[in-house]
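[1] Model the following, please.
(one chain, ligands or ions: 2)
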Amino acid sequence: MLNHFFNPSSVAVVGASQTPGKIGYDILNNILQHGFQGTVCPINPKAKEILGLKAYPDLISVPSHVDLAVIALPAQAVLGVLEQCGRKRIDSVVIISAGFKELGPQGARLEEDLAGLAKDLGIRVVGPNCLGLIDTKSALNASFAAGMPLDGHIGFFSQSGAMCVAILDWALGENVGFSRFVSLGNKMDVSETEMMLSMQQDENTRVILGYLESIDDGPPFMKAARRVAQEKPIIVIKSGTTAAGAKAASSHTGALAGSEHAYDAAFKQCGIIRARSMQALFSYAMAFASQPLPKGGSLAIITNSGGPGILAADACDRSSLHLSPVQKETADRLRAFLPSTASVYNPIDIIGDASHERYEKTLRVVVEDPLIEAIVILLTPTASVDPTAVAREIVTLAKDADKPIMTSFMGEKRVRAARKIFQDHGIPSYDYPEDAIAALDAMLSYSQWRERPERQYRNFKADTRQVRHIFASVLRQRRHDLIENEAREILRAYGFRLPKSQLARTTKEAVKAASEIGYPVVMKIASPDVLHKSDMGGVRVKLEDHAMVEEAFFDITANIQHRQPRARILGVMVQEMITQGKEVILGITRDMQFGPMIMFGLGGIYVEVLKDVSFRIAPLTVESAEAMIREVRSFPLLRGVRGEVPADIEGIKDALVRLSQMAIDFPEIIEADINPLLVCPEGEGVVAVDARISIQE
Ligand code: ADP
Ligand code: MG
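    Ligands and ions are numbered 1, 2, ... in the order given. Sure thing, here's the model as predicted:
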């Protein structure tokens, strides 16, 4: 896949230049400098020879076949060159040239023309507006980057050329090797999705690294990522957008959603490891590229000083790792040579006078303990220790270990040489223990994602005919918001339990309804014009008898007439009161890139303030429904605190999956809230007491 881009037998540089400092010179020079074995043809109508190679006036004059053309000409000239590529049957082209979509509408039109032509001619294009690409295996550096990364196993693609330059420089500074390096530019044709798939197929790539600003088409990206991540870790840094968008959302879900959540959810669902900073991107890359995945979260910390050990233990506490208990046998083996003041329990503190021999003996014992699944080795450069000697011991022992080993030698001057040894031997080395723990944590969650059970989708019988019927009638009336009754019918069609409800137009009817339903009851204004009923004094709960019902009827209608005189009042809804329920919110929104997105959170009036919510892209598996419930900070409240009975979490899962099916079945739903869904004690189910749904053709 995309093979000619990475392993061509012949390359033409269109716009090759004799003048150092010009892009057309740098590209040709890079191709020649780094050991590429194929044929190279400079194209330039004004030169006979460039950098010792015969130059041709145009592609057509090249006598032999060309696999890959790299174009570095002004934007206006590119279309013509692409035509020549077609005539010469070149199927892979990198367009370095800028001056397209990134410049505005005129450039965008030019890019569209280019894309159309490329498609007609069957030519695949990387770029335009990019830095080029590099493959270390074929020693092809078809870019104007300054330098060539070492051979290695990280494949990198980036939407930003500047980020390529920065990463390359880091890689060179830290001796980190790469398999491929691709600047995607404007992604006119070849996208991040295809690049991921091609790196999955590339034998030399073990870890895929990506810098993204946007994803053009969410669903195929997710599908591909899920497949690729099953085999190779994908680490992505995604910049941009934290704003929830300017639109004034009418639902809570709409107000809380936003594309950041969509990306986050999508990445989680397809196993992508998201780096939150460049620092994290580098440190994850280093860890994933060089260490085996941990089989579990049981961590041992080896240190020669207390403070850093505690820092690491704290970081471990905040992660999904845990400090491994030290088995008696291991403790005994350690005690045999450690001084009595040392701690053989985790963090294993071999104290300030530890020498490299003590490090070596300790590490040997710890590596052999099968219950320990990952190791972080800390060192502060005391006078009694030779950090380089310790580094050498670690490198030797780590070679055959079947568990990840990370190091953090703190300080600078006295540990510099040791860090260099780690770099040269592919042992991740971090300035601070927290970074080592964070990288291990990322590895653990990836390995757990990979081992997760087979995805389970549940399918419910739903009365879709009824739903279609209601939607059609709403749209015919030129409305977008469903009134309460309609929303209730939709939820009923999807098997949600609703509280018993009756509309009352008079106090007499209200009293009658209440006794039929059974006390206590709730009463709510029934009006298509009142969006947030309690804000307007339109809800009364816990009404215990006739007198309270009569009074509530007057109060509610008076409140609405007073506060919203123009509201049409249909009457008052008398409703079964769900006691003992905990309030949660469920919702649907639609993301531009990823489509329908499901929200979960603890409900109540503070939901928009606390923002304690989680998101997933629909369709939801049963597992992701469970994960999103557990993800919110207030989850313990559902499990019950201080002797409370636990809430019916199975019921919430079921409701989330039903809602997801509804979002998939009916793309016309643009927003929906169930707020609240009342969650009864375990085994007693959930009840949707209030719902809002908005649709669009
Ligand atoms: P709105 O959100 O428009 O103000 P709701 O129907 O959500 O109106 O009612 C407001 C609050 O009243 C709910 O959040 C919930 O706390 C309570 N409530 C409403 N209906 C019921 C019910 N049937 N049983 C128990 N509590 C209810
Ligand atoms: Mg509500």
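
[2] distance between stretch 128-144 and the chain's centre?
    With C-alpha atoms, centre = their mean, to the nearest Å as the basis, stretch 128-144 stands 27 Å off its chain's centre.

[3] residues of that stretch that come out buried?
    Residues of stretch 128-144 classed as buried by neighbour count (16 or more other C-beta atoms under 10 Å): 128-136, 138-144. For every residue, glycine as well, the C-beta is placed using N, CA and C.

[4] element containing the residue of the chain positioned farthest from its centre?
    Computed with C-alpha atoms, centre = their mean, the residue of the chain farthest from its C-alpha average is Lys508, at 56.1 Å. Assigned by DSSP states H and E, Lys508 belongs to helix 507-517.

[5] Restrict that helix to CA atoms and write it as PDB.
    Written as PDB, here are the backbone C-alpha positions of helix 507-517 (Å, rounded to 0.1, in the frame of the first residue of the first chain):
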ATOM      1  CA  THR A 507     -58.100  20.700  39.500                       C
ATOM      2  CA  LYS A 508     -60.800  18.100  39.500                       C
ATOM      3  CA  GLU A 509     -59.100  16.100  36.800                       C
ATOM      4  CA  ALA A 510     -55.800  16.500  38.600                       C
ATOM      5  CA  VAL A 511     -57.200  15.000  41.800                       C
ATOM      6  CA  LYS A 512     -58.800  12.200  39.900                       C
ATOM      7  CA  ALA A 513     -55.500  11.400  38.100                       C
ATOM      8  CA  ALA A 514     -53.500  11.500  41.300                       C
ATOM      9  CA  SER A 515     -55.700   9.000  43.000                       C
ATOM     10  CA  GLU A 516     -55.600   6.700  40.000                       C
ATOM     11  CA  ILE A 517     -51.800   7.000  39.800                       C
END
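
[6] Assign a three-state SS to the residue in the stretch 351-500 of the chain positioned nearest to ligand 1, would you?
    Scanning the stretch 351-500 of the chain for proximity to ligand 1 using C-beta to the nearest ligand atom identifies Pro499 as nearest, at 4.1 Å. The local conformation at Pro499, judged by DSSP: H, G, I helix; E, B strand; the rest coil, is coil.

[7] hey, where'd the helices end up in the stretch 151-300 of the chain?
    In the stretch 151-300 of the chain, the helices defined using DSSP state H, counting those that start in this stretch lie at 161-174, 192-201, 218-229, 252-256, 259-269, 278-290.

[8] Can you check which of the ones you listed gets nearest to His469?
    Between His469 and the helices of the stretch 151-300 of the chain, the shortest gap by C-beta to C-beta is with helix 252-256, which sits at 24.6 Å.

[9] Mean confidence (pLDDT) on the closest one, please.
    For helix 252-256, mean pLDDT rounds to 66.

[10] do stretch 220-235 as well
    97.

[11] Tell me where the stretch 1-150 of the chain is predicted with low confidence.
    Screening the stretch 1-150 of the chain residue by residue with the criterion pLDDT under 70, one finds no matching range.

[12] Go through the buried residues of stretch 128-144 and say which is closest to ligand 1.
    Distance to ligand 1, by C-beta to the nearest ligand atom, is smallest for Asn129 among these, at 48.9 Å.

[13] list the contacts for that closest one?
    With contact taken as C-beta atoms under 8 Å, 6 or more residues apart in numbering, Asn129 is in contact with Ile95, Ser97, Ala98, Gly99, Phe100, Lys101, Glu102, Gly161, Gly185, Asn186.

[14] Quick one: buried ones out of the residues you listed?
    Listed as buried from the contacts of Asn129 are Ile95, Ser97, Ala98, Gly99, Phe100, Lys101, Gly161, Gly185, Asn186; burial here means 16+ other C-beta under 10 Å.

[15] Can you lay out these as TSV showing distance to ligand 2?
    Formatted as TSV, the buried ones among the contacts of Asn129 follow (distance: C-beta to the ion, whole Å):
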residue	distance to ligand 2
Ile95	53
Ser97	55
Ala98	51
Gly99	53
Phe100	48
Lys101	44
Gly161	49
Gly185	47
Asn186	45
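
[16] now, which of the residues you listed lie within strands?
    Counting by DSSP state E, the part of the buried ones among the contacts of Asn129 found in strands is Ile95.

[17] Neighbouring strands - and their directions - for the helix or strand hosting Phe600?
    Assigning secondary structure by DSSP H and E places Phe600 in strand 595-602. Sheet pairing here is set by DSSP bridges, and for strand 595-602 it gives strand 582-591 (antiparallel), strand 613-617 (antiparallel).

[18] what does the average pLDDT come to for the very next helix or strand once past it?
    Tracing the chain past strand 595-602, the next element assigned as helix or strand by DSSP H and E is helix 607-610. pLDDT averaged over helix 607-610 equals 80, rounded to a whole number.

[19] For helix 607-610, buried residues please.
    Neighbour-count burial for helix 607-610, with 16+ other C-beta under 10 Å as criterion, is recorded at Val607.

[20] how far does that helix sit from the chain's center?
    For helix 607-610, the distance to the chain centre is 23 Å (C-alpha atoms, centre = their mean).

[21] touching ligand 2 at all, it?
    No - with C-beta under 5 Å from the ion as the measure, helix 607-610 is seen stopping short of ligand 2, the closest distance being 9.9 Å.

[22] Contact residues of the stretch 501-650 of the chain facing ligand 1?
    Residues of the stretch 501-650 of the chain found near ligand 1 (C-beta under 6 Å from any ligand atom) are Val522, Lys524, His532, Lys533, Ser534, Val539, Val541, Gln575, Glu576, Met577, Ile578, Glu583.

[23] Among those, which pair sits farthest apart?
    Comparing every pair within these by C-beta to C-beta identifies His532 and Glu576 as the most remote, at 21.4 Å.

[24] interface residues of the protein facing ligand 2?
    Close to ligand 2, as judged by C-beta under 5 Å from the ion, the chain has residues Asn675, Asp690.

[25] show me where pLDDT drops low in the chain?
    Checking the chain against pLDDT under 70 turns up 240-258.

[26] Up against ligand 1, what does it have?
    When proximity is defined as C-beta under 6 Å from any ligand atom, the chain approaches ligand 1 at 499, 522, 524, 532-534, 539, 541, 575-578, 583, 675-676, 678, 689-690.
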